[in-house]
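> I would like to see how this sequence folds:
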Amino acid sequence: MKDPIVAIATPFGESAIGVVRLTGKDVLPTVLRYFRTKSEVKPRYAHYGTLVDERGEPIDEGILVYYRAPNSYTGEDMVELSLHGNPLILKRVLELFLSAGCRLAEPGEFTRRAFLNGKLDLAQAEAVAELISAKTELARRASLRQLRGELSRYVNSLRESLLELSAYIEADIEFSEEDIPTLTKEQVIGMVDRVLEGIDQLLSTAKTGKLLREGIKLAIVGRPNVGKSSLFNALLKEDRAIVTDIEGTTRDYIEESLNLRGIPVRLIDTAGIRESEDPVERIGVERSMEKIEEADVVLFVVDASEELREEDSLIYEKLGDKDIVVVFNKIDRGEVVPLEKFQGHSIIKVSALKGYGLKDLEEEILKKAGAVAHEGLNIYVSVRHEELLKKARETLSKFRDRYAKEDISPEIAMLDVREASDFLGEIVGHITTEEVLGSIFSRFCIGK
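Model prediction:
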C-alpha cells in the first residue's frame, strides 16, 4: 500500500458539508489519533464523532466512513470525513493531517491509484473527469456509459479478436509440423475486416465526442440593426442582450452558454460590424473580428426585408472560408434579398422576433458542427482514443492489403497483428507509460 495522501474533495467555498478524503498506508490509525467516537470503527459504517487538533482542542464535529482495502474507490484503505463546509475548518483539517505525515494529493491521484490497483481501466478513469465536467445531459449520459465500461468492453472485444488471430499465427509458427487447425487466408482477412469495421464505427463517433466534451463556438455576425441580438436572445430563450432600433446598440461582444440538444454551445453576439469614427465602437468591432476567427460556425445575419447594403457585402467577404450559415432574419416583414447572392452556403429563413424558423436553424447548426446520432452505438471516443484507433487501423489495413496480395511469413504477420492489438490496449490501459498517465490525470481536480 502506498504512502498516505489527503485532499479536500469538495469545491472551495461555504457549504453545508465539506469532505476531506485520505487513502494509503495506515490512514485509519492516523485519523483515529484525532477523531473521537464512542463506537468501534467498522468498514462502510457512518461514525459520528469530534475531530480534535494536536492539543486535543475540538476542530469540528462530523461523520467518519472507513473503506477497507481492496473494497474502496482506490483499492487501498480509505477514510472520508464529512464535516461542516467552512473553508477555515477544512483548511485546518488538511493542515492537521499533513503535519501527521500525509502528503497532499496531486490532481487525479485518487483515481490514478484506482487505475493502478485495478479498480478502473484507463478509459473508465478518463470518464470520471469527463463526468465531473459534463456540461449537458447528453454528455453526462455518455460519460456515465464510459465509466460503466461500455467503451472498454467494445475495445476489448476488438483486441481479443486480434489476440485470437495472433494465437493462431503463433501456433502456426511453433507447431508448423504438427497436425493442428490453422486459418485459411480468407478466414484471416475476414477476422481483420471485422476488427476494421469495429474500429471505423468507433472513429465515426470522434467528432461528436469532441463536441460533447468541448462544445462549439458559434458567432452571430452582421451589420448593425439586422437583428443579431434578437436572434441571440431567441436562441438563449431569454432577454440577455439589449435590443433597440438604434444602430450600434451592441458595442462589444456578449458570450453565453447554451445547451443545444445535448451539445454545449458558446454563443457569441458580436458588435455590428461597420466603419465608425467612434473609438469605443471601433474597439468593439475589432474584438468581434477576433471572436469570429475563433468561432467554429458563423451565423451571418442579413435583414431579409431590406435590400442588401454595401456593409453586408463587405462583412460577407471578410468571413472568407469560415463555416457559414446565412440567416435571413425578419422574414415576417417580407423577403427582398435574392438567394443567388449566397449560393454555396446554407440559407435559413427566420424571424427572431416571432420565433419562426428557429428549429430549422438549430438543425443546421448541429449539422454544421457534425453532431449526428450513431445508431446502436452510444459511446463516443476522445482525441486520445481517436489517435490510437487510427494507428491500429493503419497497421491493420497495411497488413490486410499485403496479406491479400502476397505470401507473408507468419513471423511478420504476428508482429503486425500484435502492434495493432497494442494500440487498442493503450486505450484501456493494458499498455501505457508514465508520460501518458501524467498527461491524463493532470487534468483532474485535486481530491478525485
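
> what residues does E294 make contact with?
K217, A219 (C-beta atoms under 8 Å, 6 or more residues apart in numbering). C-beta coordinates here come from the backbone N, C-alpha and C atoms, glycine included.

> now it: phi and psi?
phi -80, psi -20 (degrees, to the nearest 10).

> got a pLDDT number for it?
We have a pLDDT of 78 for E294.

> go on, K318?
80.

> next one: the one 3 residues further on
Looking at D321, its pLDDT stands at 79.

> any figure for the gap between it and V298?
11 Å (C-beta to C-beta, to the nearest Å).

> and E419, by the same measure?
42 Å.

> again, but for L151
33 Å.

> neighbour-wise, which of those two wins?
Here L151 and V298 are compared on neighbour count by other C-beta atoms under 10 Å; more neighbours surround L151, at 29 against 25.

> that one reaches A142, doesn't it?
No. The criterion here is C-beta atoms under 8 Å, and L151 misses it with A142 at 9.4 Å.

> what about the strands in this structure?
In the chain, the strands defined using DSSP state E lie at 5-8, 15-23, 35-36, 46-52, 58-67, 78-85, 103-104, 216-221, 254-260, 263-269, 297-303, 324-329, 346-349.

> got these as CSV, with mean pLDDT and distance to E186 columns?
Listed next are the strands of the chain as CSV, based on pLDDT from 0 to 100; distance: least, C-beta to C-beta, whole Å:
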stretch, mean pLDDT, distance to E186
strand 5-8, 96, 55
strand 15-23, 96, 53
strand 35-36, 96, 67
strand 46-52, 97, 62
strand 58-67, 97, 53
strand 78-85, 97, 53
strand 103-104, 96, 58
strand 216-221, 88, 45
strand 254-260, 83, 47
strand 263-269, 85, 43
strand 297-303, 90, 46
strand 324-329, 90, 48
strand 346-349, 90, 46
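
> how many neighbours does V417 have?
V417, neighbours per other C-beta under 10 Å, totals 28.

> check the gap between the closest residue in space to Y67 that isn't next to it in sequence and R21 for me.
With C-beta to C-beta, 6 or more residues apart in numbering as the criterion, Y67 has its nearest non-adjacent residue at 4.3 Å, and that residue is M78. Distance, M78 to R21, by C-beta to C-beta: 7 Å.

> do the same with K448
Distance of K448 to R21, given as C-beta to C-beta: 9 Å.

> list residues touching both of the two?
Joint contacts of K448 and R21 (C-beta under 8 Å, 6+ apart) are A9, F110.

> quick one: low-confidence parts of this structure?
When residues are selected by pLDDT under 70, those of the chain lie in 1, 171-183, 238-253, 271-288, 370-377, 410.

> let me see the ranges of the helices in the stretch 201-350 of the chain.
Listed in chain order, the helices found in the stretch 201-350 of the chain under DSSP state H, counting those that start in this stretch are 206-214, 228-236, 279-294, 310-318.

> hey, C-alpha coordinates of the first one in CSV?
C-alpha atoms of helix 206-214 as CSV (Å, rounded to 0.1, in the frame of the first residue of the first chain):
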residue,chain,number,x,y,z
ALA,A,206,-14.9,11.1,-32.6
LYS,A,207,-16.3,14.4,-33.9
THR,A,208,-19.5,14.1,-31.8
GLY,A,209,-17.3,13.1,-28.8
LYS,A,210,-15.2,16.2,-29.2
LEU,A,211,-18.4,18.3,-29.4
LEU,A,212,-19.8,16.7,-26.2
ARG,A,213,-16.6,17.4,-24.3
GLU,A,214,-15.6,20.8,-25.7
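
> what helices or strands is it leaning on?
helix 137-147, strand 263-269, helix 383-405 (3 or more C-beta pairs under 8 Å, 6 or more residues apart in numbering; DSSP states H and E).

> buried set for it?
Residues A206, K207, T208, G209, K210, L211, L212, R213 are the ones in helix 206-214 that count as buried (16 or more other C-beta atoms under 10 Å).

> next, the angle from it to strand 263-269.
Relative orientation of helix 206-214 and strand 263-269, computed by axes from the mean of the first three to the mean of the last three C-alpha atoms, to 10 degrees: 70 degrees.

> what's helix 206-214 in contact with?
130, 133-134, 136, 138-139, 142, 262-264, 369-372, 374, 380-383, 385-386.

> need the buried ones from the residues you listed selected in PyMOL.
Buried residues within the contacts of helix 206-214, by 16+ other C-beta under 10 Å, are selected in PyMOL with:
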select buried, resi 130+134+136+138+139+142+262+263+264+369+371+380+381+382+385+386
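
> with respect to V221, which of the buried residues of helix 206-214 is nearest?
Nearest to V221 among the buried residues of helix 206-214 is L211, at 21.0 Å by C-beta to C-beta.

> tell me the domain boundaries of this protein?
5-105, 124-205+379-441, 215-369 (automatic domain parsing).

> what sits against the nearest residue to K322 once chain neighbours are set aside?
With sequence-adjacent residues excluded and distances taken as C-beta to C-beta, 6+ apart, K322 is closest to V298, at 4.8 Å. By C-beta under 8 Å, 6+ apart, the contact set of V298 is L218, A219, V221, I292, L319, K322, D323, I324, V325.

> most neighbours among these, which one is it?
That'd be V221 among those, by other C-beta under 10 Å, with 28 neighbours.

> that one bridge partners, please.
Judged by DSSP bridges, the bridge partners of V221 are F300.

> gap between it and L211?
21 Å.

> about what we covered before: which neighbours do L151 and A142 share?
Common neighbours of L151 and A142, counting by C-beta under 8 Å, 6+ apart, are I379.

> so what's the residue count around the residue lying closest to I408 once chain neighbours are set aside?
Once flanking residues are discounted, I408 sits nearest to R402: 5.8 Å by C-beta to C-beta, 6+ apart. By other C-beta under 10 Å, the residues close to R402 number 14.

> surely I315 touches P224?
No. Between I315 and P224 there is no contact under C-beta under 8 Å: 10.6 Å.

> neighbour count winner among the two?
Shown here are I315 and P224; by other C-beta under 10 Å, I315 has more neighbours (22 against 17).

> so who does Y154 touch?
In this structure, Y154 makes contact with G198, L202, I379, judged by C-beta under 8 Å, 6+ apart.

> what's the angle from the longest helix along the chain to helix 137-147?
For the chain, the helix with the greatest residue count under DSSP state H is helix 150-174. Taking the same axes, to 10 degrees, helix 150-174 and helix 137-147 form an angle of 40 degrees between their directions.
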